[in-house]
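>>> Give me coordinates for this.
(4 chains)
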There are 2 protein chains.
Amino acid sequence: MTLERFESIRELPLFAEMTGVSFDALTRGAFVQNFPPNMVMISEGEAADFLHIVQSGCVELFSTWTNRETSVTTLYENSTFILAATMKDRVNLMSARTLQKSRIIMIPSENVRNVFATDPAFALAIVDELARCYRATIRNMKNLKLRTSIERLANYILKQHHRQGEALSYQLPVEKRRLASYLGMTPENLSRAFNNLKPHGVAVDGQTITISDKTKLTAFAKPDMLID
Amino acid sequence: MTLERFESIRELPLFAEMTGVSFDALTRGAFVQNFPPNMVMISEGEAADFLHIVQSGCVELFSTWTNRETSVTTLYENSTFILAATMKDRVNLMSARTLQKSRIIMIPSENVRNVFATDPAFALAIVDELARCYRATIRNMKNLKLRTSIERLANYILKQHHRQGEALSYQLPVEKRRLASYLGMTPENLSRAFNNLKPHGVAVDGQTITISDKTKLTAFAKPDMLID
DNA sequence: GAGCTGCCTTGATATTTATCAAGCAGGTTG
DNA sequence: CAACCTGCTTGATAAATATCAAGGCAGCTC
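As a prediction, the model looks like this:
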């Protein structure tokens, strides 16, 4: 029987098309957990025992190596994570921490693999999600390898502008130091990069970004369908 | 009926577990094509009409942006590519060129999607392959963001050493300029990076790498299960 | 309101990486 | 064999990026 607390995810693309029986099988043994901000929920190298879904709040995936750390991505409401490790029954390659108070749904990995084998609609949704995440990562890597840090920032500003309904003025969704890490630079350099973008039509005041000349910014950023 | 020329891939993990009927449906309309070296087979932005499999030879996936180019990965015998774009029916995010004379098997993307929906064993194999590629890309990105170019080279040398049966002396499998691009640096810098590794137990002569002090090299490279 | 604290910014400097310009070596070709 | 290629290397220099050290500012706490 489907518990009420999982209703919120039933309509997500990943679960919408599967049968009710499959959904019940999937959520058997699943649970919801509340986390305070800045809490490491998952450490890289651990077994992926649960598929995670952000019900509310915000989660950062990051990785470390010899005292260095880098932010890989930030996830918001309705995003899933740990899907690839779940499907392959392997350890996580990334760690996860909450950035805000967050509610996370956790579905036993074994359920995911079992239902995958029996419900074709779910299988299709899983493949779709995996392929989407994979392609997003390829784009991310192209961004890192083909652009300078200032170009990456310019394109980030344009993408956020688009995501926030084409608003010419908007708030950054994350702290600057995390943005810096996501874009592959230091916080100091991010500050300087914002200054470098002034002549290209960008004004910054705290968390507020204002695009004063979108044409100029676009000309500089050269956004690309196959990266952004 | 399965044509003889596709027998060679029947035993690959991606196709081994599916039914004969499914395999026939999959390879209907498929074909084999021979390419000379240094031939661009696929350009990013094009529709992914075929799933590609390297039967023999060697293929480089690469990407370009505003007159810059970067090598993303190099594929050898029995590797598939364009799988994510095939499953999502989207354009390719990367271009592909042969590095040597190569035989490529091309399977219509529509067949792949159709058989995915009807053959659970194939569906499982597809997900496995996608998740594997996705995780490889995450590792690649961690390598790029968490390490300097010299550290990346040191770990590359160790990985090849392992791949080539722990041989302390071996040939680089690709040209140095492509290796440089793969590792996210210029050919000039790759040369200098090799020089920098001399005191860490690496000797280079043309395409031949010799590890003279594996302990020292390993201490410098700090290889990591979650990256390499 | 005084004093913290954490994040961001700025300036000075160092390191890393790229660019530009020769030059070299091995293989190919006329 | 000489004249090319082409890819690699080296040196000099420039650009990009990181590090270190203050300092500023907003939001807390007491």
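
>>> residues of the host helix or strand of A:Arg132 that come out buried?
Per DSSP states H and E: A:Arg132 is located in helix A:120-146. For helix A:120-146, burial by neighbour count (16 or more other C-beta atoms under 10 Å in any protein chain shown) applies to A:120, A:122-127, A:129-135, A:137-146. Every C-beta, even on glycine, is put in place using the N, C-alpha and C of the backbone.

>>> now swap in stretch A:12-23 and tell me
Result for stretch A:12-23 [16+ other C-beta under 10 Å]: buried residues A:Leu14, A:Phe15, A:Met18, A:Ser22, A:Phe23.

>>> So A:Ile104: helix, strand or coil?
Assigned with DSSP: H, G, I helix; E, B strand; the rest coil, A:Ile104 falls in the strand class.

>>> what about it, how many residues close to it?
The tally of other residues near A:Ile104 (other C-beta atoms under 10 Å in any protein chain shown) stands at 22.

>>> got it, and A:Asn34?
The local packing of A:Asn34 (other C-beta under 10 Å) involves 13 other residues.

>>> Quick check: beta-bridge partners of it?
A:Arg103 (DSSP bridges).

>>> how far away is it from A:Gln55?
10 Å (C-beta to C-beta, to the nearest Å).

>>> Name the residues contacting each of the two.
A:Ser102, A:Arg103, A:Ile104 (C-beta atoms under 8 Å, 6 or more residues apart in numbering or on different chains).

>>> residues in contact with the second one?
This points to A:Arg103. Here A:Arg103 is in contact with A:Val32, A:Gln33, A:Asn34, A:Phe35, A:Val54, A:Gln55, A:Ser56, A:Gly57 (C-beta under 8 Å, 6+ apart).

>>> Do you know the pLDDT at the most centrally placed residue in chain A?
Geometric centre of chain A, nearest residue: A:Leu75, 3.3 Å, by C-alpha atoms, centre = their mean. A:Leu75 is assigned a predicted lDDT (pLDDT) of 96.

>>> Same question for the one 5 residues further on.
What the model reports for A:Thr80 is a pLDDT of 96.

>>> For it, give me its contacts.
With C-beta under 8 Å, 6+ apart, A:Thr80 has these contacts: A:Leu14, A:Leu51, A:His52, A:Ile53, A:Val54, A:Glu129.

>>> and what of A:Ile157?
With C-beta under 8 Å, 6+ apart, A:Ile157 has these contacts: A:Leu197, A:Val202, A:Ile209, A:Ile211, A:Leu217, A:Ala221.

>>> where exactly do the strands run in chain A?
Under the criterion DSSP state E, strands of chain A are mapped to A:31-35, A:40-42, A:50-56, A:59-65, A:68-75, A:80-81, A:95-98, A:102-108, A:169-171, A:202-205, A:208-211.

>>> Sheet partners, orientation included, of the third one?
This means strand A:50-56. strand A:80-81 (antiparallel), strand A:102-108 (antiparallel).

>>> Make TSV out of those and add distance to A:His161.
Formatted as TSV, the entries for the strands paired with strand A:50-56 read as follows, by distance: least, C-beta to C-beta, whole Å:
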stretch	distance to A:His161
strand A:80-81	26
strand A:102-108	26
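
>>> Export these as CSV, with columns for distance to DNA strand C.
Shown next, in CSV, are the strands paired with strand A:50-56 (distance: least, C-beta to the nearest atom of the strand, whole Å):
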stretch, distance to DNA strand C
strand A:80-81, 22
strand A:102-108, 17
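
>>> Ok, which of those comes nearest B:Leu190?
strand A:80-81 (35.0 Å; C-beta to C-beta).

>>> on that earlier part again, list the contacts for the residue nearest to the centre of chain A?
Here A:Leu75 is in contact with A:Val54, A:Cys58, A:Val59, A:Glu60, A:Leu61, A:Phe81 (criterion: C-beta under 8 Å, 6+ apart).

>>> Of the strands of chain A, which stretch is the most buried?
Mean neighbour count (mean count of other C-beta atoms under 10 Å in any protein chain shown) peaks for strand A:80-81 among those, with a mean of 23.

>>> Check the offset of that strand from the chain's centre.
Mean-position distance between strand A:80-81 and its chain equals 8 Å (C-alpha atoms, centre = their mean, to the nearest Å).

>>> swap in stretch A:182-190?
Offset of stretch A:182-190 from its chain centre (C-alpha atoms, centre = their mean): 18 Å.

>>> does that stretch come close to DNA strand C?
Yes. With C-beta under 7 Å from any atom of the strand as the measure, stretch A:182-190 is seen reaching DNA strand C through A:Pro187, A:Glu188, A:Leu190.

>>> Switch these over to a markdown table; also include distance to DNA strand D.
Converted to a markdown table, these look like this (distance: C-beta to the nearest atom of the strand, whole Å):
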| residue | distance to DNA strand D |
| --- | --- |
| A:Pro187 | 8 |
| A:Glu188 | 4 |
| A:Leu190 | 8 |
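
>>> Reformat these as JSON lines; add pLDDT, neighbour count and distance to A:Ser8.
Shown next, in JSON lines, are these (pLDDT from 0 to 100; neighbours: other C-beta atoms under 10 Å in any protein chain shown; distance: C-beta to C-beta, whole Å):
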{"residue": "A:Pro187", "pLDDT": "97", "neighbour count": "13", "distance to A:Ser8": "35"}
{"residue": "A:Glu188", "pLDDT": "97", "neighbour count": "10", "distance to A:Ser8": "41"}
{"residue": "A:Leu190", "pLDDT": "98", "neighbour count": "20", "distance to A:Ser8": "35"}
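
>>> Narrow those to those in helices?
Among the residues of stretch A:182-190 next to DNA strand C, DSSP state H puts A:Pro187, A:Glu188, A:Leu190 in helices.

>>> Isn't the first one up against A:Glu175?
Okay, so that is A:Pro187. No. Counting by C-beta atoms under 8 Å, no contact exists between A:Pro187 and A:Glu175, whose distance comes to 9.2 Å.

>>> List phi and psi for the nearest residue to A:Gly201 once chain neighbours are set aside.
Closest residue to A:Gly201 apart from its sequence neighbours, by C-beta to C-beta, 6 or more residues apart in numbering or on different chains: A:Asp213 at 3.0 Å. Here is the backbone geometry of A:Asp213 (degrees, to the nearest 10): phi -150, psi 90.

>>> With respect to A:Ala96, which of the strands paired with strand A:50-56 lies nearest?
A:Ala96 sits nearest to strand A:80-81 of all the strands paired with strand A:50-56, at 6.4 Å, using C-beta to C-beta.

>>> Got the domain ranges for chain A?
Domains of chain A are assigned by automatic domain parsing as A:4-144, A:147-221.

>>> I'd like a version of the ones you listed in TSV, one that adds distance to B:Phe116 as further columns.
Below are those laid out as TSV (distance: least, C-beta to C-beta, whole Å):
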stretch	distance to B:Phe116
domain A:4-144	7
domain A:147-221	31
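
>>> B:Gln171: which of those domains is closest?
Here domain A:4-144 is closest among the domains of chain A (C-beta to C-beta), at 27.0 Å.

>>> and the closest one, does that touch DNA strand D?
No. Figure legend: domain A:4-144 not in contact with DNA strand D (C-beta under 7 Å from any atom of the strand); closest approach 7.7 Å.
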